[in-house]
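Asker: Here is a sequence with its predicted model. Questions after.
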Amino acid sequence: MRTLVTGKQMKAVDAHAITTIGIPSMVLMERAAFAVAREVKGILKEEAGRLAPGASVWSVCGTGNNGADGIAAARMLFLEGVSAGVVLIGQPEKGTEEFLQQLKIARNLGMEILSREQWEELCSQGGMRCRVLIDAIFGVGLSRQVQGAYAECIRRINGLRQEGAVECVAAVDIPSGVHSDTGQVMGEAVSADLTVTFGWEKRGTVLYPGRSLAGRVVVENIGFPPLDSLKPEVRDGEDEEEIPYACTYGPGDLERIPERAAYSNKGTFGKVLIVAGSENMCGAAYLSALAAYRTGAGLVKLLTVEENRLILQSRLPEAILVTYTAGQLMEGREEFRKLIDEQCRWADVVVLGPGLGCGAYVEYLVEDILTMACSPVVVDADGLNTIAAHPYLTSYYTENIIITPHLGEMARLTGQSIPQIRENLVETAAEYAAHYGLTCVLKDAATVVASREGGIYMNTSGTSAMAKAGSGDVLTGIIAGLLGLGMDETESARLGVYIHGRAGELAAEKTGCHGMLASDLAEAIGSAMDGKKAGNAAESVWQSRDSEEKR
Ligand SMILES: NC(=O)C1=CN([C@@H]2O[C@H](COP(=O)(O)OP(=O)(O)OC[C@H]3O[C@@H](n4cnc5c(N)ncnc54)[C@H](O)[C@@H]3O)[C@@H](O)[C@H]2O)[C@H](O)CC1
Ligand SMILES: [K+]
């Protein structure tokens, strides 16, 4: 498990380390700068291991402590014989104490230091070429939209990178212009190849678009005290509310999956009832059921329309089938409630929604399941659309419900627009989960899981190959499978999302990024759950020098 922090949390750790613990600010900064210089040297190194001749580095620095880190890193490279210079953006005289100190050291050493105007001139004459550009304009101190000269400078950096005048952009802590909490671009943002971040990964480099802009992320422990020695961050407002540290999972977290005990039978691993499928959507029911079985569920029963009998029995004979007709449901409600009651009593886990469609009878089905299920219920797709269309159904929400909306479904549930939700992914999921006391899996390229007690998980596995019909149905099946193995709602949701992404990575290795189908994804679940056998593409992106898994 890796911890993810907000900008405010990181600044609180900085302040705590410096003022309460007494670690001098410049000591932390030297360690931060050393890590940046080390990574830059790694890029500059020829295969033979020597520094490339004429290797040049420009460090573009703001006047805060991020800029101070940038000056210090350039100085370390300069002292090792690299031709490294500094560009100053903003008014240096207004810089922080540390910035002024770092600038003085660079000046005393006779380093080349350009003002923004001088740099612009150099750029416009085409004289600005370098192997590595260090982006140290803003770090976690970015507090408003980037405008004017700062925005121009960021556009210039991106232009130089695009045209090949700069081979590699290395961001200090976070790409300048990326919001450290939401990953949103604050007007303009640097597009980096590498980000060297300090202490813990920032939420903004896990959430998109910040995640794409950060490139490879290296996490460096620069000597901060542990997070649990700090008071949690408190949200400003009338009701003071603690903001939890978020987390993400890696391969080590697969150990959370319960052992498959030798002395067991199919009942040991959960009976999953999948209420899914309609006349024109039978695939959703199939994929969910297949995924639940592939995750390890002992018994899967499909409750679906009679029209799907033949196809489901031939595609997945391992599943038990109970069918109904729309007419039976509309006309004989009491009779149908008995059937639902019986099925709910049988089930250890219920999945409600994939491919149910929006027929009039679906409202009754959703109401009956929500009122009668006595086990965890994973509500997805048309289950959620039905709840959005009939808001009284939210009154049946209970603490063992997991909802798995994508952005469109979440928009329908909350009445917010998709862009609003996308910009506030974590808050939207967290508020819904807290308000209704359930687990919310808000699906996006970086899925967020908000637990009813306030915990936040952000997913870092997965691939764009998964952006295809049926992927969501597989996820509901995985989560249901994990619930069947006995995991609680939070763990099933978090680990389910992680395994789903990992299965996508593995399946895409075989089929290629464009050709993968949701059924390929479901078939890869077994390997994805096996940490020892499966490789992990995501891990090569998050290369932690001192990760919490090792700590
Ligand atoms: N010892 C330490 O403190 C360490 C800090 N580290 C690095 O420091 C940054 C955080 O530094 P900080 O000075 O707090 O903020 P920034 O440098 O990120 O911000 C600079 C400055 O800019 C102003 N500002 C904010 N938004 C805008 C804007 N849109 N336009 C113009 N100006 C803006 C803001 O007021 C700030 O004053 C952290 O990321 C680390 O890189 C190291 O961790 C070492 C220890
Ligand atoms: K930066």
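Answerer: Yes, it's here. Ligands and ions are numbered 1, 2, ... in the order given.

Asker: drop to CA atoms for contacts and neighbour counts, all remaining ones
Answerer: OK.

Asker: Where does the record place the domain boundaries for the protein?
Answerer: Per automatic domain parsing, the domain ranges recorded for the chain read 2-228, 268-535.

Asker: what's the offset of the last one from the middle of its chain?
Answerer: So that's domain 268-535. Centroid separation for domain 268-535 versus its chain: 19 Å, with Cα atoms, centre = their mean, to the nearest Å.

Asker: does any part of the helix or strand containing residue 66 sit near ligand 1?
Answerer: Per DSSP states H and E, residue 66 falls inside helix 65-79. Yes. Using Cα under 6 Å from any ligand atom, helix 65-79 reaches ligand 1 at 65-67, 69.

Asker: Let's have the residues you listed in CSV, adding distance to ligand 2, neighbour count and pLDDT.
Answerer: Putting the residues of helix 65-79 next to ligand 1 into CSV (distance: Cα to the ion, whole Å; neighbours: other Cα atoms under 10 Å; pLDDT from 0 to 100) gives the following:
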residue, distance to ligand 2, neighbour count, pLDDT
65, 10, 26, 98
66, 6, 30, 98
67, 8, 31, 98
69, 9, 32, 98
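
Asker: Could you list the contact residues of the protein toward ligand 1?
Answerer: Selection of the chain residues close to ligand 1 by Cα under 6 Å from any ligand atom yields 14, 25-26, 28-29, 32, 63-67, 69, 138-146, 172-173, 198.

Asker: buried subset of these?
Answerer: 14, 26, 28-29, 32, 63-67, 69, 138-142, 146, 172-173, 198 (16 or more other Cα atoms under 10 Å).

Asker: And the residue in the stretch 201-350 of the chain that ligand 2 sits nearest to, its phi and psi?
Answerer: Relative to ligand 2, the nearest point of the stretch 201-350 of the chain is residue 214 (9.8 Å; Cα to the ion). With angles defined as degrees, to the nearest 10, residue 214 sits at phi -80, psi -20.

Asker: now residue 217, what's its secondary structure?
Answerer: Counting by DSSP: H, G, I helix; E, B strand; the rest coil, the backbone at residue 217 sits in strand.

Asker: In terms of helix, strand or coil, where does the nearest residue to it once chain neighbours are set aside fall?
Answerer: Nearest non-adjacent residue to residue 217, counting by Cα to Cα, 6 or more residues apart in numbering: residue 195, 4.8 Å away. Per three-state DSSP, the local secondary structure of residue 195 is strand.

Asker: What residues does residue 195 make contact with?
Answerer: By Cα atoms under 8 Å, 6 or more residues apart in numbering, the contact set of residue 195 is 170-175, 214-218.

Asker: make it 6 Å
Answerer: 170-172, 214, 217 (Cα atoms under 6 Å, 6 or more residues apart in numbering).

Asker: And it, how close does it get to residue 180?
Answerer: Separation of residue 195 from residue 180 (Cα to Cα, to the nearest Å): 13 Å.

Asker: hang on, the earlier thing: dump the helix holding residue 66 to CSV, restricted to CA.
Answerer: Presented in CSV, the C-alpha positions along helix 65-79 are these (Å, rounded to 0.1, in the frame of the first residue of the first chain):
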residue,chain,number,x,y,z
ASN,A,65,10.8,26.5,-2.1
ASN,A,66,10.1,24.5,-5.3
GLY,A,67,12.3,27.0,-7.1
ALA,A,68,14.8,26.7,-4.3
ASP,A,69,14.9,22.9,-4.8
GLY,A,70,15.5,23.6,-8.5
ILE,A,71,18.4,26.0,-7.9
ALA,A,72,20.0,23.5,-5.5
ALA,A,73,19.7,20.6,-7.9
ALA,A,74,21.3,22.7,-10.7
ARG,A,75,24.1,23.6,-8.4
MET,A,76,24.8,20.0,-7.5
LEU,A,77,25.0,19.1,-11.1
PHE,A,78,27.2,22.1,-11.8
LEU,A,79,29.6,21.0,-9.1
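
Asker: and it, how far from the chain's centre?
Answerer: The answer for helix 65-79 is 30 Å, by Cα atoms, centre = their mean.

Asker: That helix: which residues count as buried?
Answerer: Neighbour-count burial for helix 65-79 [16+ other Cα under 10 Å]: 65-78.

Asker: The residues you listed: which two are farthest apart?
Answerer: Pairwise distances among these were taken by Cα to Cα; the largest, 19.6 Å, belongs to 65 and 78.

Asker: on that earlier part again, reformat the domains of the chain into JSON lines and put distance to residue 250 next to each item.
Answerer: As requested, the domains of the chain are exported to JSON lines (distance: least, Cα to Cα, whole Å):
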{"stretch": "domain 2-228", "distance to residue 250": "8"}
{"stretch": "domain 268-535", "distance to residue 250": "8"}
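
Asker: For residue 251, find the nearest of these.
Answerer: Of the domains of the chain, nearest to residue 251 by Cα to Cα is domain 268-535, at 5.8 Å.

Asker: other SSEs contacting the helix or strand containing residue 492?
Answerer: For residue 492, the host element (DSSP H and E) is helix 489-511. Packing contacts for helix 489-511, counted by 3 or more Cα pairs under 6 Å, 6 or more residues apart in numbering; DSSP states H and E, involve helix 471-484, helix 518-523, helix 525-529.

Asker: ok, residues contacting the first one?
Answerer: Same thing as helix 471-484. By Cα under 6 Å, 6+ apart, the list of residues contacting helix 471-484 from outside reads 269-270, 284, 287-289, 291-292, 295-297, 492-493, 496, 518.

Asker: Filter these down to the ones in helices?
Answerer: 284, 287-289, 291-292, 295, 492-493, 496, 518 (DSSP state H).

Asker: neighbour-wise, which of those leads?
Answerer: Most neighbours among these, by other Cα atoms under 10 Å: residue 289, with 36 neighbours.

Asker: Could you tell me how far that residue is located from residue 518?
Answerer: From residue 289 across to residue 518, the span is 12 Å (Cα to Cα).

Asker: who's in contact with the closest residue to residue 484 other than its chain neighbours?
Answerer: Closest residue to residue 484 apart from its sequence neighbours, by Cα to Cα, 6+ apart: residue 270 at 3.9 Å. Residues near residue 270 by Cα under 6 Å, 6+ apart: 297-298, 348, 484-485.

Asker: Direction included, what does the strand or helix carrying residue 378 pair up with?
Answerer: Using DSSP H and E, residue 378 sits in strand 377-379. Strand 377-379 has the following strand partners under DSSP bridges: strand 349-352 (parallel), strand 401-403 (parallel).

Asker: so which of the ones you listed gets nearest ligand 2?
Answerer: Judging those by Cα to the ion, what sits closest to ligand 2 is strand 401-403, at 36.4 Å.

Asker: What residues does residue 375 make contact with?
Answerer: With contacts defined as Cα under 6 Å, 6+ apart, residue 375 is in contact with 348-349.

Asker: Apply 8 Å and report the result again.
Answerer: Neighbouring residues of residue 375 by Cα under 8 Å, 6+ apart: 344, 347-350, 400.
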